[in-house]
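J.: take a look and give me a structure for this.
(chains A and B)
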Amino acid sequence: MTLLEFARGPALQWSTIILVLGLILRIAGAWLLAHDKDYSRPRVDAAWRGGLRAVFSRFWPHQPFVRQTWFHILAGYVLHVGLFVVVFLYAPHIAFIRDLTGLNWPGLPANLVLFVGALTAASLVAFFVRRLVHPVMRTISTLDDYLSNLITLAPLVTGILAYAHFGGRYETLLAIHLLSVSLLFVWIPLSKLAHVITFIPSRFQLGAWLGRRGVKA
Amino acid sequence: MRNDLSLSEVLRQQGVSRRGFLKFCAATASMLALGPGMAPVIAAALEKARRPSVIWLSFQECTGCTESLTRSHSPSVEGLIFDAISLDYHHTLQAAAGTAAEAAREAAMQANPDGYLVVVDGSIPLGNPGYSTIAGVSNVDMLREVAAGATAIVAVGTCAAFGGLPHAAPNPTGAVSVSDIIKDKPIINVPGCPPIPVVITGVLAHFLVFGQLPELDGLGRPMAFFGHNIHDRCYRRPFYEQGKFAETFDDEGARQGWCLYKLGCKGPVTYNACATAKWNQGTSFPIQSGHGCLGCSQPDFWDQGGFYHALSAGTSTSGVGLGVAAVAGAALGAASALGTRSSQHEARREVEQIVNSQPAAAGCARGGEQGKK
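T.: Below you'll find the model as predicted:
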């Protein structure tokens, strides 16, 4: 079995299984926990609307903190929008998703995705450096933070190298890229990167709870 | 045809002009990625070259390789060069049959004690000697016997080079490649299902001119023909860059000639000269005809997932498998939550006991209860 056969076969198969199983386990495990009853009188008829609003409203920065947190806001947008473009709008990635789900949509030109991918990788490097040099960030950072940063960076770097055929034959670089993706898939449910999906129920729950009290959050 | 004639003499006898011969030499130099100054060298060497004896062994194969070589180029200059080698044994093409055919093979081996060229197409079954025999001799025995006196061996086609289709899982005949059996002779792999005719003539020309093997890659393939992947030389590559893909074989993208990557084209990981040398005298190649590359010049290409699955898709992943994983995740999550709930209830009871045991706090708690009412 060649490296590419392993990467396209067992590695990708088991990593996607771990990704799906792990994320759903985390969401179901948290959602089905016993929650304290809220004895307060509801201020609105449908608290779920507050939950739904919170899922989307928190994509925007909180105005009072913009000046102090501009770096995180800017780099955060570059990182997350960039990852969205690279993962969901690059044709080979769409083909991967289509193979699993049957869903299909148009992609962007490869050179544009490559440019966005480079920007995204740069934002991750910036985050990593800031985490190392900023005293507060260094204090609150854990091994999970550093590893999550590097493991997210790896598929971007290997993907760019594979596209450019830089540093080896294409099939070798593609295999390394797929293996780095597999590592990311396994790491996501085990780490803070689980927020790729848990941010939705988390925001919803908080928004609904606050909405019940009449707080527009 | 006499074996002591030079190639130049043979070609002249067959009506090939000096100009046509030199054009072939220039084309061969170009194909082999040699400089233009090498064309006269090739011409001079080919003019002097004696017709080498070639023994062609066909084992566990479909004859597609022979069909490719003998039909698609005739009567080109490459075809005449092919005629100009002394093909002393080829049980599909030769007139002799049975004992006479085998006698021709043995005669060729005895008449060329300094060596001869062996061309093999087809894989060699090791599971049982009876799976494939020629005149009662198993393929593996015949290969070992003939290879012993060979100068070099050319493994033509993916079956001979890597095992090919017979080697595909579960490999019922125990098929192996030539290089799995012969370890002490130079072997050139010219894979493809079938290989491009001009590639085999180019390899033979190189051997005749330089008397040695061309530069080979890690899989024993001539770098001149297998040095680049199909994707990098494909005329549809610009559409890949633009993000324009055919989604089905009959959609607008397919009619516009857009990239076939999403339809399973394996061009990015397939090394061959299809996109440049093409087939049928440079007429076309599979991608130009509207079908993605199958990767036929790569080892184990039958076992690389479906032909119509994109290269970026996993070969073992499936929506059903992920559905099962999702259900299992939900079940495990629910079990985990239920397990934790009992701990939560226990903790809550302990808190209530503590609260109730303290009069002031109990009063507050009772007040709270009344407030709720």
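J.: what segments of the stretch 51-200 of chain B are helices?
T.: Assigned by DSSP state H, counting those that start in this stretch, the helices in the stretch 51-200 of chain B fall at B:64-71, B:77-84, B:98-111, B:139-147, B:157-162, B:178-181, B:197-210.
J.: tell me which of those helices sits most buried.
T.: helix B:157-162 (a mean of 30; mean count of other C-beta atoms under 10 Å in any protein chain shown). Every residue, glycine included, has its C-beta placed from N, CA and C.
J.: contacts (any at all) between chain B and the host helix or strand of residue A:84?
T.: In this structure, residue A:84 sits in helix A:70-88 according to DSSP states H and E. No - Helix A:70-88 is not in contact with chain B by C-beta under 8 Å from any C-beta of the partner chain; minimum separation 11.9 Å.
J.: mind listing what's buried along that helix?
T.: Across helix A:70-88, burial judged by 16 or more other C-beta atoms under 10 Å in any protein chain shown covers A:73, A:75, A:78, A:79, A:82, A:83, A:85, A:86, A:87.
J.: who are the packing partners of it?
T.: Packing partners of helix A:70-88 (3 or more C-beta pairs under 8 Å, 6 or more residues apart in numbering or on different chains; DSSP states H and E): helix A:91-101, helix A:110-133, helix A:143-164.
J.: give me that answer again for 6 Å
T.: If contacts are counted by 3 or more C-beta pairs under 6 Å, 6 or more residues apart in numbering or on different chains; DSSP states H and E, helix A:70-88 sits against helix A:110-133.
J.: and the contacts of the helix it packs on?
T.: A:75, A:78-79, A:82-83, A:85-86, A:90, A:137, A:141, A:149, A:153, A:156-157, A:160, A:163, B:241 (C-beta atoms under 6 Å, 6 or more residues apart in numbering or on different chains).
J.: let me know which of the helices of the stretch 51-200 of chain B is the nearest to residue A:39.
T.: With C-beta to C-beta as the measure, helix B:157-162 is the member of the helices of the stretch 51-200 of chain B nearest residue A:39 (72.7 Å).
J.: identify the residues contacting the residue lying closest to residue B:126 once chain neighbours are set aside.
T.: In space, and not counting its chain neighbours, residue B:126 is closest to residue B:174: 4.2 Å by C-beta to C-beta, 6 or more residues apart in numbering or on different chains. Each residue near residue B:174 by C-beta under 6 Å, 6+ apart is listed here: B:125, B:126, B:127.
J.: by neighbours, which of the residues you listed wins?
T.: residue B:125 (24 neighbours; other C-beta atoms under 10 Å in any protein chain shown).
J.: partner residues bridging that one?
T.: In this entry, residue B:125 is beta-bridged to residue B:175, by DSSP bridges.
J.: which residues touch it?
T.: B:60, B:131, B:132, B:173, B:174, B:175.
J.: how about those in TSV, adding pLDDT?
T.: Output for the contacts of residue B:125, formatted as TSV (pLDDT from 0 to 100):
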residue	pLDDT
B:60	94
B:131	93
B:132	93
B:173	96
B:174	95
B:175	96
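J.: which of these are buried?
T.: Members of those classed as buried by 16+ other C-beta under 10 Å are B:60, B:131, B:132, B:173, B:175.
J.: mind checking how far the residue lying closest to the fourth one once chain neighbours are set aside is from residue B:219?
T.: Put plainly, it is residue B:173. Excluding the flanking residues, the one nearest residue B:173 by C-beta to C-beta, 6+ apart is residue B:125, at 3.8 Å. According to C-beta to C-beta, to the nearest Å, residue B:125 stands 22 Å off from residue B:219.
J.: repeat for residue A:175
T.: Separation of residue A:175 from residue B:219 (C-beta to C-beta): 16 Å.
J.: quick one: which of those two has more around it?
T.: residue A:175 (23 against 15).
J.: quick one: residues contacting that one.
T.: A:3, A:4, A:7.
J.: so what's the nearest residue to residue B:133 once chain neighbours are set aside up against?
T.: Spatial nearest neighbour of residue B:133, excluding adjacent residues (C-beta to C-beta, 6+ apart): residue B:139 at 7.0 Å. By C-beta under 6 Å, 6+ apart, residue B:139 lies in contact with B:59, B:124, B:132.
J.: how about those residues in TSV, adding distance to chain A?
T.: TSV is the format used below for those (distance: C-beta to the nearest C-beta, whole Å):
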residue	distance to chain A
B:59	25
B:124	22
B:132	26
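J.: pLDDT value on residue B:100, please?
T.: Note on residue B:100: pLDDT of 86.
J.: cool, and residue B:177?
T.: pLDDT, residue B:177: 97.
J.: pretty sure it is touching residue B:163, no?
T.: Yes - with contact defined as C-beta atoms under 6 Å, residue B:177 and residue B:163 form a contacting pair (5.0 Å).
J.: write out the residues of chain A neighbouring chain B.
T.: Proximity of chain A to chain B, by C-beta under 6 Å from any C-beta of the partner chain, involves residues A:8-9, A:12-13, A:16-17, A:20-21, A:24-25, A:28-29, A:32-34, A:39, A:91-92, A:95-96, A:99-100, A:107-110, A:170-171.
J.: among the residues you listed, name the buried ones.
T.: A:8-9, A:12-13, A:16-17, A:20-21, A:24-25, A:28-29, A:32, A:91-92, A:95-96, A:99-100, A:107-110, A:170-171.
J.: which stretches of the chain have low pLDDT?
T.: Assuming you mean chain A. A:217 (pLDDT under 70).
J.: think we crossed wires, I meant chain B
T.: B:1-5, B:31, B:33, B:48-50, B:71-84, B:359-373.
J.: all strands of it, in order?
T.: B:53-58, B:86-90, B:116-121, B:124-125, B:133-134, B:137-138, B:150-156, B:175-176, B:187-190 (DSSP state E).
J.: ok, so what distance separates residue A:194 from chain B?
T.: 12 Å (C-beta to the nearest C-beta, to the nearest Å).
J.: again with residue A:206
T.: 19 Å.
J.: what about that residue, how many residues nearby?
T.: 16.
J.: how about the nearest residue to the closest residue to chain A within the stretch 251-373 of chain B, chain neighbours excluded?
T.: Proximity of the stretch 251-373 of chain B to chain A (C-beta to the nearest C-beta) peaks at residue B:333, 2.7 Å away. Spatially, and ignoring its direct neighbours in sequence, residue B:333 is nearest to residue A:28 (2.7 Å; C-beta to C-beta, 6+ apart).
J.: quick one: contacts for the one you found?
T.: B:330, B:333, B:334.
J.: looking at those residues, which are in helices?
T.: B:330, B:333, B:334 (DSSP state H).
J.: hmm, back to that, so which of the helices of the stretch 51-200 of chain B gets nearest residue B:301?
T.: Going by C-beta to C-beta, the one of the helices of the stretch 51-200 of chain B nearest residue B:301 is helix B:157-162, 7.0 Å.
J.: and the contacts of the closest one?
T.: Against helix B:157-162 from outside (C-beta under 6 Å, 6+ apart): B:61, B:65, B:120-123, B:155, B:164, B:177-178, B:189, B:191, B:193-195, B:296, B:299.
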